[in-house]
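> sequence and predicted model, in that order:
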Amino acid sequence: MENTIEAPTPEKIKIQAVNLLEKLKQGVNFAEVMKSLPEEAYAHKGKCACCSDGRFEPEDNKMEKAGLAGQGILLLFSLDELKTFVETMRNNPDKPEAIASHVACGAAGLVLKELQARLAKKESIESILVWLGINNLPETADELGKIFTKRLAEEVGSDYYHMEMQESHDHNESGIIVSSIDFDERFIKVPGQQFFNSSSAQFGVSDEYLKTELTKLTEIAFHHGKMGMESAKYNPADNFYLLIISDKSQADRLQRIASEVSFNPDFSGKIRVKIFIKK
């Protein structure tokens with residue numbers, strides 16, 4: 001079944017959004033579903049580097065969401081890679097028009113907790129604070145997320161803004177869209193469903209970083225979302241999907257990394273890896 005929804009754009013262009021999750025549960029081939037989408041779904045649009053969090057999308061509705069966990073905040077633990085990441089993004093002719101932080105960011109919370117633990121053990125975090133341009137670690141994850149994202153936007157030369165939660169709701173992600181090419185997720189987004197969005201592969205991150213990002217996002221779904229047994233939406237028959245959308249150049253790499261994440265015993269064999277190679 002397909003649902004027609006209005007794309008949230010000022011022009012109010014109608015998008016024929018495919019209920020991807022329903023089709024996957026019916027056993028429909030992922031690649032066939034993606035082939036059925038119009039070319040507009042893969043057309044280049046201005047990007048907003050937003051968090052992977054499925055509850056948020058760019059405030060400028062003409063932008064395509066390029067998701068990264070915490071806008072890349074996990075890279076604070078690898079400053080050399082963060083420097084390369086910034087340079088790659090800055091010099092990319094397709095660099096994000098905007099980079100946005102958001103309230104209640106799980107990735108920012110993980111980073112704050114780790115930095116606090118290092119301070120408690122009398123370990124130095126000075127190099128991280130220097131990059132952030134601050135003298136002391138902030139007290140809240142929201143503040144840390146804003147500081148990191150503002151600095152990233154300044155370094156890249158993109159606009160910055162912060163997103164608040166429009167309404168209180170829990171994580172409801174059924175998988176992660178892992179894309180190395182332009183893709184507008186509104187073409188597979190129907191009401192009541194969420195997917196994480198990981199577009200990190202578009203910005204030259206390492207295999208290790210990407211594996212960490214996909215693992216942390218999956219952990220959020222299993223510990224704070226519908227995949228967790230404590231969730232009111234928990235269904236033991238549900239799988240969690242790592243859905244790769246790529247060209248040939250990165251397809252093997254992304255499939256290998258996603259497969260490694262799927263083998264993590266913490267996820268109880270519930271991860272399913274699917275791939276679509278755009279020609």
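Everything's here; your move. Everything numeric in this text was worked out from a predicted model, so none of it was measured.
> quick check, Asp142 in a helix?
Yes: assigned with DSSP: H, G, I helix; E, B strand; the rest coil, Asp142 falls within a helix.
> and the pLDDT at it?
Asp142 is assigned a pLDDT of 95 by the prediction.
> and for Glu6?
pLDDT for Glu6: 36.
> select the longest helix from the chain.
Using DSSP state H, we find that the single longest helix of the chain is helix 207-224.
> show me which residues of that helix are buried.
Going by neighbour count (16 or more other Cβ atoms under 10 Å), the buried part of helix 207-224 is 209-222. Any C-beta I mention is one placed from the backbone N, CA and C, and that applies to glycine too.
> got it, and stretch 254-263?
Neighbour-count burial for stretch 254-263, counted by 16+ other Cβ under 10 Å, picks out 254-255, 257-258, 261-262.
> what ranges in the stretch 51-200 of the chain fall below the confidence cut-off?
Scanning the stretch 51-200 of the chain for pLDDT under 70 picks out the ranges 60-61, 166-168.
> show me the helices in it, by range?
All helices of the stretch 51-200 of the chain, identified by DSSP state H, counting those that start in this stretch, fall at 79-91, 106-120, 126-132, 141-156.
> list of residues touching stretch 39-46?
60, 62-64, 94, 96-97, 181-184, 187, 278 (Cβ atoms under 8 Å, 6 or more residues apart in numbering).
> centroid residue for this protein?
Compute the mean C-alpha point of the chain, and by Cα atoms, centre = their mean the closest residue is Ser52, 2.2 Å away.
> could you export the buried residues of helix 207-224 as JSON lines, including pLDDT?
As requested, the buried residues of helix 207-224 are exported to JSON lines (pLDDT from 0 to 100):
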{"residue": "Tyr209", "pLDDT": "96"}
{"residue": "Leu210", "pLDDT": "97"}
{"residue": "Lys211", "pLDDT": "97"}
{"residue": "Thr212", "pLDDT": "95"}
{"residue": "Glu213", "pLDDT": "95"}
{"residue": "Leu214", "pLDDT": "97"}
{"residue": "Thr215", "pLDDT": "95"}
{"residue": "Lys216", "pLDDT": "92"}
{"residue": "Leu217", "pLDDT": "92"}
{"residue": "Thr218", "pLDDT": "93"}
{"residue": "Glu219", "pLDDT": "91"}
{"residue": "Ile220", "pLDDT": "87"}
{"residue": "Ala221", "pLDDT": "86"}
{"residue": "Phe222", "pLDDT": "84"}
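> just name the most buried of the helices of the stretch 51-200 of the chain.
Of all those, helix 141-156 carries the top mean neighbour count, a mean of 21, counting by mean count of other Cβ atoms under 10 Å.
> quick one: distance of that one to the chain centre.
Computed by Cα atoms, centre = their mean, to the nearest Å, the chain-centroid distance of helix 141-156 equals 16 Å.
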